[in-house]
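Peer 1: Next comes the sequence, and after it the predicted model I'd like to discuss.
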Amino acid sequence: MRKQFPGLKSALESSNTLTARDMKTLLYPLVAFLLVLLIAGIALNTLWSKISTTRAQLAVSQKENTTLKQKAEVLQQKENESSLLESGKLTFALPLRSSSIYVLSQVKRKAADNMVVIEEISVSEPRVQAEISQSVTSLKVTGTLESILTFIDSLSTVAPLVKTENVKTDENDSSSDAVVATLSLTSYYSSYPEKIPALTQAISSLSPEEEQVISDIAGLEMPTIPQNLDPDLPNNRNDPFNL
C-alpha cells in the first residue's frame, strides 16, 4: 500500500517526527521543575536543621543563664560570710598543712589564761589520710580541778578545731588542791579540693546545720601566730673585715 501511496508514507513519517519533538519540549520543563523541587527540598531541610540546632543551643543557654542567676543570688545572700575568708578563719579552722603548731600556740595561751601549768607536751606523727589528716597532741597539766575543767572547755572555742579525748585526772598531793590531768587533743587538716563544681552546675542554699557550722567557725578564737610561716631569710650582714 505504501508503494501505491508514497504520499501517505511521507505524511506518517512527518507525524512521528513532530511527536518526538513535542515529547522533548515537554520533558525539559518537567525535569527543570523536578530539579527546582529537589533543590528547594534540600534547602528547606538544611534550614530546618539549622533552626532546630539554634533552638537547642538557645535552650541550653537559657538554662545556663538561669543557673548563673541562681548562683549569684545565693552568693549575694552570703555576703556577710566573706569576712570569714578575708580573716582566714575557715582555713585556720581546718588548715592546709599540719595544724600542730597552731594547737600548741592555743594550748599555751589558754593554759596561761586559766592558771594551768603544762608539765609535759608531745605531738605525734601526723596520720595522713585521703581526705582529712590528723595529728594528736598529748598534754600533762597541773592546776585546780576547776581551772583544768575551764581550760579543757576553753579549747572548744579555738581554731584549729580540736577534739579532746582520754581525759584522766589524779590528785597531785593530798595536802593541796592541785590536780594532775592528762589529755589528748586531736586536730585536723586537709588539702584544698582539687575539683570544683562546673560553672553551669546549680548550687543549693545551705542547710540549717551548715549555717550553724559557719556561725560556730565565725566565733572561734584565732591563733596569735601568722597562718603562713615563711622561713626566715638570711640577713645581709656587713663583712667587718672588708672595710
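Peer 2: Received the coordinates, thanks. The shown structure was predicted, so the numbers you read here are calculated from the model rather than taken from an experiment.
Peer 1: Name the SS class of the spatially most central residue of the chain, please.
Peer 2: The chain has Ile196 as the residue nearest its centroid, 2.8 Å off, counting by C-alpha atoms, centre = their mean. With DSSP: H, G, I helix; E, B strand; the rest coil as the basis, Ile196 sits in coil.
Peer 1: how about it, what does it touch?
Peer 2: Residues in contact with Ile196 (C-beta atoms under 8 Å, 6 or more residues apart in numbering): none are found. Using the backbone N, CA and C atoms, a C-beta is placed for each residue, glycine as well.
Peer 1: any idea how far it is from Glu73?
Peer 2: 19 Å (C-beta to C-beta, to the nearest Å).
Peer 1: So what's the gap between the longest helix seen in the chain and the chain middle?
Peer 2: Taking DSSP state H as the criterion, the chain has its longest helix at helix 6-77. Distance of helix 6-77 from its chain centroid, counting by C-alpha atoms, centre = their mean, to the nearest Å, is 49 Å.
Peer 1: go on, stretch 118-127?
Peer 2: 33 Å.
Peer 1: what's the spacing between stretch 102-118 and its chain's center?
Peer 2: 36 Å.
Peer 1: For that stretch, list every residue counted as buried.
Peer 2: By neighbour count on 16 or more other C-beta atoms under 10 Å, the buried set for stretch 102-118 is 102-104, 106-107, 110-111, 114, 116, 118.
Peer 1: care to break this structure down by domain?
Peer 2: 1-77, 84-192+205-218 (automatic domain parsing).
Peer 1: And the buried residues of stretch 102-118, which is closest to Ser215?
Peer 2: Gln106 (20.1 Å; C-beta to C-beta).
Peer 1: Contacts only, for the nearest residue to that closest one once chain neighbours are set aside.
Peer 2: Counting by C-beta to C-beta, 6 or more residues apart in numbering, Gln106 lies nearest to Val158, which is 4.3 Å off, once chain neighbours are set aside. By C-beta under 8 Å, 6+ apart, the residues touching Val158 are 106, 110, 220-221, 223.
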